[in-house]
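Engineer: here's my sequence, what's the structure:
(one chain, ligands or ions: 1)
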Amino acid sequence: MTRQMNRRQWLAGAATLASTCSFGLPALADLGAPRRLSIESANLDVNGRSAKVFRLVDDSGRPGLTLAPGERFRVMLQNRINVPSIVHWHGQTPPWTQDGFPWPQTPALAPGEAASYDFEPIAGTYWMHSHEGLQEQSLMTAPLVVQDAGASQADRQEVVLMLHDFSFRPAQELLADLTGVDGGREDETENAPAPGLDMASMRMSGMSTSDMLLKSQTSKPMAGMRAQPATKMDLNDIDYDAFLANDKTLRDPEIVRVAAGAAVRLRVINGSSSSQFWIDLGALEGLVAAVDGHDVKAISASLFPLAIAQRLDILINLPGPGAFPILACLEGSRRRTGVVLATAGAAVPHLAEEADRLARPVDNSLEDRLSALDPLSPRRPDVSARVVLSGGMKPYRWAMNTEHWPEITPLMVKHGQRVEIELVNSSMMAHPMHLHGHTFQVIGLNGRVLGGARRDTILVPPMGSARIAFDADNPGRWAFHCHNLYHMAAGMMSELRYEGIPV
Ligand SMILES: [Cu+2]
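Structural biologist: Below you'll find the model as predicted:
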């Protein structure tokens with residue numbers, strides 16, 4: 001495969017030079033070659049059936065990256081698939097030209113093309129995913145763990161739990177079913193229809209919009225939830241074929257070997273395109289130590305809501321020998337996935353893919369109790385914006401302030417300003433809203449003032465609101481969008497733009 005030095009590499013090279021000059025000599029660890037990351041296609045076995053998926057792997061074939069304490073994010077990314085692609089370092093705050101969003105100035109990498117990245121990462125549990133088309137649904141996602149010097153001293157075994165929703169059907173078809181518009185075929189990973197089934201009959205076997213509405217309005221009250229016939233909340237736009245935990249289902253889950261009485265740091269990443277979960281530790285008690293990579297005052301629990309794209313660092317001290325399932329239960333459903341922490345010789349129980357009870361909708365019950373260890377300094381906002389989230393299933397169209405990407409009006413800010421945004425959800429679906437390039441603090445939920453967590457993704461529940469604040473300290477063009485892939489694809493994306501950035 002040929003490698004060309006492209007414009008982006010020159011940009012990144014210049015950035016390296018600039019940072020070396022302005023910050024003095026690079027650390028010793030930075031003198032070696034950059035880490036390599038490849039965008040590849042691969043086959044994955046899902047419950048006995050082979051699927052074509054994408055992968056983001058290092059030279060040894062491992063998914064994603066784990067950076068040592070203090071290590072810079074120095075990565076050479078190569079596109080080894082036959083369609084354009086670009087990878088976003090979710091939650092990190094690089095210069096905007098290295099954010100992995102396909103702006104006109106930073107287009108996707110052509111097949112065979114490579115790009116280099118060099119920035120100082122934030123320590124914590126992060127992830128990476130394609131920001132090109134619907135590639136994320138085909139598992140172009142991977143963990144990005146940046147180890148923290150303090151956390152690694154704590155001598156905890158690290159366990160990463162990466163969650164995915166999975167369909168054998170191409171994402172373009174799933175979207176076309178929702179919008180009623182044939183989006184055409186674009187992804188290389190499309191899984192061929194089973195013999196004897198043509199595309200039309202596959203589409204007919206898919207769920208109609210009314211089926212999905214029916215499905216979401218379950219007649220029985222969900223566990224822990226009162227029956228509320230007046231409220232029609234929409235959950236789970238897509239009927240997935242499987243839910244994956246580290247690429248496996250509960251039919252044959254990953255068994256993570258742990259020592260009896262081990263101290264574990266569980267890094268849970270919801271890399272799903274359109275699914276939200278309750279993380280269930282069963283009999284174990286866990287301490288939430290960080291959300292979206294940022295430390296919070298620890299909260300003890302055994303059940304934790306996790307919206308799309310969010311992460312949880314949960315500290316668990318195992319009580320002794322045994323097998324300990326860590327389950328992710330799909331909201332509004334009995335379906336679940338997970339891994340098992342097991343000591344040597346422990347009998348691992350069979351875990352059904354369906355729970356006895358429906359999980360209730362993911363909510364902000366944990367968010368309400370979180371507070372940042374490193375809050376923003378108190379300051380009056382220079383910019384106060386209100387963003388109304390709207391849309392629905394029929395037609396399947398989602399908006400921010402009634403605008404649909406790419407016909408949007410950017411939210412303009414100046415470098416150095418304190419910005420507050422009130423996110424108001426006027427729709428019947430939850431929207432996990434993600435702002436690129438910044439860490440915000442949650443300062444209000446449903447009108448209640450909060451000194452909440454610092455994050456990059458906040459859930460805005462149906463008819464609810466969330467207020468976020470951040471310092472405009474990273475000039476550029478930044479995507480601001482719902483992280484439900486299908487909501488984003490159906491318009492729910494906007495831009496935060498700094499004055500003075502040429503477009
Ligand atoms: Cu949404």
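Engineer: would you map the helices across the protein?
Structural biologist: Ranges of helices in the chain, per DSSP state H, are 7-23, 149-153, 171-179, 199-205, 209-216, 485-489.
Engineer: which of those has the lowest average pLDDT?
Structural biologist: Of all the helices of the chain, the minimum mean pLDDT falls on helix 199-205 (a mean of 29).
Engineer: now do the same contact list for the residue in the stretch 101-250 of the chain that the ion sits nearest to.
Structural biologist: With C-beta to the ion as the measure, residue 237 is the residue of the stretch 101-250 of the chain nearest to the ion, at 9.4 Å. (Glycine included, C-beta is placed from N, CA and C.) Residue 237 makes contacts with 178, 212, 274, 393, 429, 484, 486, as judged by C-beta atoms under 8 Å, 6 or more residues apart in numbering.
Engineer: now do the same contact list for the fifth one.
Structural biologist: For residue 429, the contacting residues are 233-235, 237, 391-392, 462, 484, 487, taking C-beta under 8 Å, 6+ apart as the criterion.
Engineer: per the annotation, how does this protein divide into domains?
Structural biologist: Per automatic domain parsing, the structural domains of the chain span 7-149, 242-362, 383-498.
Engineer: now those as JSON lines including distance to the ion?
Structural biologist: As requested, the domains of the chain are exported to JSON lines (distance: least, C-beta to the ion, whole Å):
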{"stretch": "domain 7-149", "distance to the ion": "14"}
{"stretch": "domain 242-362", "distance to the ion": "8"}
{"stretch": "domain 383-498", "distance to the ion": "3"}
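Engineer: for the stretch 301-450 of the chain, just list every one of the strands.
Structural biologist: Taking DSSP state E, counting those that start in this stretch, the strands of the stretch 301-450 of the chain run over residues 303-306, 311-317, 323-330, 336-342, 383-393, 396-400, 411-413, 418-425, 431-435, 440-445, 448-449.
Engineer: hey, which of those is tucked in deepest?
Structural biologist: Among the strands of the stretch 301-450 of the chain, the stretch with the highest mean neighbour count (mean count of other C-beta atoms under 10 Å) is strand 431-435, at a mean of 25.
Engineer: thinking again about what came up before, which among the domains of the chain is found nearest to residue 368?
Structural biologist: When the domains of the chain are compared by C-beta to C-beta, domain 383-498 sits nearest residue 368, at 5.9 Å.
Engineer: now the terminal residues of the closest one, how far apart.
Structural biologist: 12 Å (C-alpha to C-alpha, to the nearest Å).
Engineer: chain center to that domain: distance?
Structural biologist: Chain-centre distance of domain 383-498: 15 Å, with C-alpha atoms, centre = their mean, to the nearest Å.
Engineer: and for stretch 144-151?
Structural biologist: 18 Å.
Engineer: pLDDT weak spots in the stretch 251-400 of the chain?
Structural biologist: Along the stretch 251-400 of the chain, segments meeting pLDDT under 70 are nowhere present.
Engineer: average model confidence for stretch 492-503?
Structural biologist: Here the average pLDDT along stretch 492-503 is 96.
Engineer: got the confidence number for the nearest residue to residue 372 once chain neighbours are set aside?
Structural biologist: Spatially, and ignoring its direct neighbours in sequence, residue 372 is nearest to residue 454 (4.6 Å; C-beta to C-beta, 6 or more residues apart in numbering). The per-residue pLDDT reported for residue 454 equals 98.
Engineer: just to check, residue 454 is in contact with residue 441?
Structural biologist: Yes. Contact criterion C-beta atoms under 8 Å: residue 454 and residue 441 qualify, at 4.9 Å.
Engineer: intersection of neighbour lists for the two?
Structural biologist: Common contacts of residue 454 and residue 441 (C-beta under 8 Å, 6+ apart): 372, 375-376.
Engineer: number of nearby residues for the nearest residue to residue 259 once chain neighbours are set aside?
Structural biologist: Computed as C-beta to C-beta, 6+ apart, the closest residue to residue 259 that is not its neighbour in sequence is residue 343, at 6.6 Å. For residue 343, the count of nearby residues is 17 (other C-beta atoms under 10 Å).
Engineer: just checking, residue 343 touches residue 258?
Structural biologist: Yes. Between residue 343 and residue 258 a contact is recorded at 5.9 Å, counting by C-beta under 8 Å.
Engineer: re the thing from before, which member of the contacts of residue 429 is positioned nearest residue 354?
Structural biologist: Nearest member of the contacts of residue 429 to residue 354, counting by C-beta to C-beta, is residue 235, at 16.2 Å.
Engineer: how about that closest one, what does it touch?
Structural biologist: Residue 235 sits next to 216, 331-333, 361, 429 when contact means C-beta under 8 Å, 6+ apart.
Engineer: pull the most distant pair out of those.
Structural biologist: Maximum pairwise distance among the contacts of residue 235 (C-beta to C-beta): 15.0 Å, between 333 and 429.
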